[in-house]
Structures are given as C-alpha cells and as structure tokens.
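1. using only what follows, build the 3D model:
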Amino acid sequence: MVDINELKFDEKGLIPAAVVNYKTQKLMMLAYMNRESLEKTIETGLATFYSRSRKKLWTKGEESGNFQHVVSIVADCDRDTLKIVVRPDGPACHLGTETCFEYPVYENENEPDAFTLEGLMELIRGRKTNPKEGSYTTYLFQKGLDKILKKVGEESTEVIIAGKAQDKAETIYEIADLCYHVMVLMCEAGISIEDIDSELAKRHVIDKKVKQEKMV
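-> Residues are numbered from 1 along each chain as shown. Here you go, the predicted structure:
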C-alpha cells in the first residue's frame, strides 16, 4: 500500500485524479485532489476533490445527488497521478452524460472499435427490434424461444466436449459461441447484462461475509 506521504503533490499541493467506473473501466472525469480532499475521500468513501476555480473542497454529488462511492484509489508509477475507481450513483458530467469525455478530437479509421459485451448486447437488441435480412441473430429471433433454447443446449454440449478433450483453443471458441447464444436468450427474455452483474455482485457480497464470519 502506498502511503499518502509518498504521493507527489505539485507546487500548488494538488494531484490529478482520473475517475474510472468500476464496472466498465470507462474514464468518467478528471479532477484534482489536495491532501485534505484525499483524506476526506478515504474517511467518507465518497469522492471529494479540490476546486481550483472556487478554491475549496467539493464532494461529487453534493448538489446533483450523483455521488461516487470509492472502490479503490491507485497511484501511478511516479506517484504523481491517482486513479479513483468508483461506483457512481449517476452520470459524472454536469451535462447529464455518463462521462465528461464525449467529444472526439481524432479517430483512426484504420483501427477497429474496441469490443465490449455491452456493445454486442446492443447489436443483438438492434437485430431484434430492427430485423436485418440475412442476419443469423434476426433468424434466431424469428424462429422463437424454442430455437434459441435449442442452440444454447447445443453450444453447452460443444463446450463440454471441447473441455473434456482438453483442447484449449476449441474450448475458447465454443465458450464464445455459448456466450453469444446465451446473450440472445437474455435479450429474448428481457434480461440485461446489468441484471446478471447485480446477481453476481450479491453472491460476491454473501461470499465475502461468509469468509469474514469464518475468520472470527
């Protein structure tokens, strides 16, 4: 663990703090902290910064209600920048967007877009609400729940066969197929990634409590 005294505040007593969403790892905002705001953040568990324009401390959400519950604070290798990982109650930007970084300056068209499960789910939803001719996903939705469930069953079997054969590459391939078909089922059933994430989070909390009780 890095001690606060090891951090390198600038000549004004400030250190930049990049705020990141704990779930998506998306950069939400950039602010500054001084020693007092950092100590208050650690004490309260709520992200608190120093306003360079107003010359005072401010807790994110004190006016909007969009508090940021701190999960962890990490210093970079030079100890002069912080990453604040938070669980946000709402959008980070005062304009109402999830992140303040919404304005592209440059995009390299030769580089592929980053893949995310959220992006895949959005694409799957799009094929359900706006069917596309020739789309396999659209075909599954048109065939209905029984077809989707059959594919989930088939892909589960393929995962078992590949896993039993201890073929790592094939197992990865089949798990990817299974994940895709499960996501189609989720969309058909009105289940979101957030629903699954919340359920797993509940189990994580329960497991953590059980471990703590065993230590007592």
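2. helices of the protein, residue ranges please.
-> Applying DSSP state H to the chain gives helices spanning 35-44, 117-129, 136-143, 145-164, 168-189, 193-215.
3. and those, which one is worst for confidence?
-> Least confident of the helices of the chain, judged by mean pLDDT, is helix 193-215 with a mean of 78.
4. identify the bridge partners of the residue lying closest to Phe49 once chain neighbours are set aside.
-> Nearest residue to Phe49, sequence neighbours excluded (Cβ to Cβ, 6 or more residues apart in numbering): Ala31, at 4.1 Å. Glycine gets a C-beta too; all of them are placed from N, C-alpha and C. With DSSP bridges as the criterion, Ala31 is bridged to Ala17.
5. how about Ala31, what does it touch?
-> 16-17, 19, 49-50, 60 (Cβ atoms under 8 Å, 6 or more residues apart in numbering).
6. any of the residues you listed buried? List them.
-> Buried members of those, counted by 16 or more other Cβ atoms under 10 Å: 17, 19, 49-50, 60.
7. so which two of those are the farthest from each other?
-> Val19 and Tyr50 (13.8 Å; Cβ to Cβ).
8. got the domain ranges for the chain?
-> Annotated domains of the chain cover 4-88, 117-215 [automatic domain parsing].
9. the first one: end-to-end distance?
-> Between the opening and closing residues of domain 4-88 we find a distance of 24 Å, counting by Cα to Cα, to the nearest Å.
10. how far does that domain sit from the chain's center?
-> On the basis of Cα atoms, centre = their mean, to the nearest Å, domain 4-88 sits 18 Å off its chain's mean C-alpha point.
11. same check, this time on the longest one
-> Taking the mean of its C-alpha atoms, domain 117-215 sits 17 Å from the chain's own mean (Cα atoms, centre = their mean).
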